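> Give the three-dimensional model of this entry:
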Amino acid sequence: MDNDQTWNPRSAWRQFRLETETVKNYPSSFALHAGHTHRDVLLDQLVPTLLYIKGASILDDALSIWLTNHGHLLGKQYRNDFNGRIRYMNEKSLYQKCTELHNIRKKRNDFAHEPGIHTNWLVLESDTLKIEECLLSLGLVTETKKLEYFAERSALQESNNPKVAFTRRFSYGVKENGKTALEIAWNENTLND
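Prediction:
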């Protein structure tokens with residue numbers, strides 16, 4: 001992020017949801033080039049775990065911003081950390097599902113500090129919805145639009161470049177309500193002899 005920009009939960013959450021939707025469909029991206037799909041056991045352990053940590057961190061930072069913007073100061077009995085913020089919100093009845101938030105915080109800590117612990121795509125999706133529910137209820141984000149993964153490969157096309165015989169465009173990403181919101185694209189060129 002540029003130094004001129006300030007972090008805000010709405011754009012951070014939207015980007016997180018777009019990236020998560022894109023990466024969870026990585027096998028389809030392989031099919032563009034290799035012609036078949038496969039799941040990678042290591043990626044299916046690491047990626048959801050790392051995304052879980054990121055999603056919980058967005059929640060933590062968003063709670064901090066919300067509390068500050070609404071004039072809530074954590075007293076001495078609350079540490080200025082994720083746990084302290086959730087405890088404060090629970091004791092002041094600012095959010096009704098703080099037990100869920102504590103469970104997410106504990107999982108995040110386990111994933112970040114215990115190298116042998118991993119999560120999976122189903123747990124990530126379930127807890128992502130719980131995080132979004134909290135962020136929505138506090139007015140920090142808007143509801144995630146309908147996300148749809150896509151992967152496309154164009155037909156071979158003749159090139160205007162004399163060194164290139166044919167070119168083909170590859171792209172994949174996510175659409176929000178039918179409009180491209182995140183796209184990764186590249187061209188593959190077949191050189192002349």
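
> Can you give me the buried ones in stretch 30-43?
When burial is assessed from 16 or more other Cβ atoms under 10 Å, stretch 30-43 yields the following buried residues: Phe30, Leu32. From N, CA and C alone the C-beta is placed, and that goes for glycine too.

> Confirm that Phe166 sits in a helix.
No. Phe166 is assigned strand when assessed by DSSP: H, G, I helix; E, B strand; the rest coil, not a helix.

> Now for it: which residues touch it?
Leu156, Gln157, Glu158, Ser159, Asn189, Thr190 (Cβ atoms under 8 Å, 6 or more residues apart in numbering).

> Show me which of those residues is closest to Asp61.
Proximity of the contacts of Phe166 to Asp61 (Cβ to Cβ) peaks at Asn189, which lies at 42.6 Å.

> Which is the succeeding secondary structure element to the strand or helix carrying Asp61?
Using DSSP states H and E, Asp61 sits in helix 41-69. For helix 41-69, the following helix or strand on the C-terminal side (DSSP H and E) is helix 82-91.

> Can you tell me which helices and strands that next one packs against?
Helix 82-91 sits against helix 41-69, helix 98-113, with contacts defined as 3 or more Cβ pairs under 8 Å, 6 or more residues apart in numbering; DSSP states H and E.

> tell me which residues of the helix holding Asp61 are tucked away?
Buried-residue list, helix 41-69, by 16+ other Cβ under 10 Å: 44, 47-52, 54-56, 58-64, 66-67.

> how about the helices and strands packed on helix 82-91, which one is nearest Arg85?
helix 41-69 (4.5 Å).

> packing partners for that closest one?
Using 3+ Cβ pairs under 8 Å, 6+ apart as the test, helix 41-69 ends up in contact with helix 9-24, helix 82-91, helix 98-113, helix 121-137.

> How far off centre is the helix holding Asp61?
Centre-to-centre, helix 41-69 and its host chain are 8 Å apart (Cα atoms, centre = their mean, to the nearest Å).

> tell me the angle the worst-scoring helix or strand of the chain on mean pLDDT makes with helix 9-24.
Across the helices and strands of the chain, mean confidence by mean pLDDT, DSSP states H and E is lowest for helix 26-34: a mean of 77. Relative orientation of helix 26-34 versus helix 9-24 (axes from the mean of the first three to the mean of the last three Cα atoms, to 10 degrees): 60 degrees.

> Helix 26-34 to helix 41-69, inter-axis angle?
130 degrees.

> want to throw the helices and strands packed on helix 82-91 into a markdown table with distance to Val23 and mean pLDDT?
A markdown table is the format used below for those (distance: least, Cβ to Cβ, whole Å; pLDDT from 0 to 100):
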| stretch | distance to Val23 | mean pLDDT |
| --- | --- | --- |
| helix 41-69 | 6 | 96 |
| helix 98-113 | 16 | 98 |
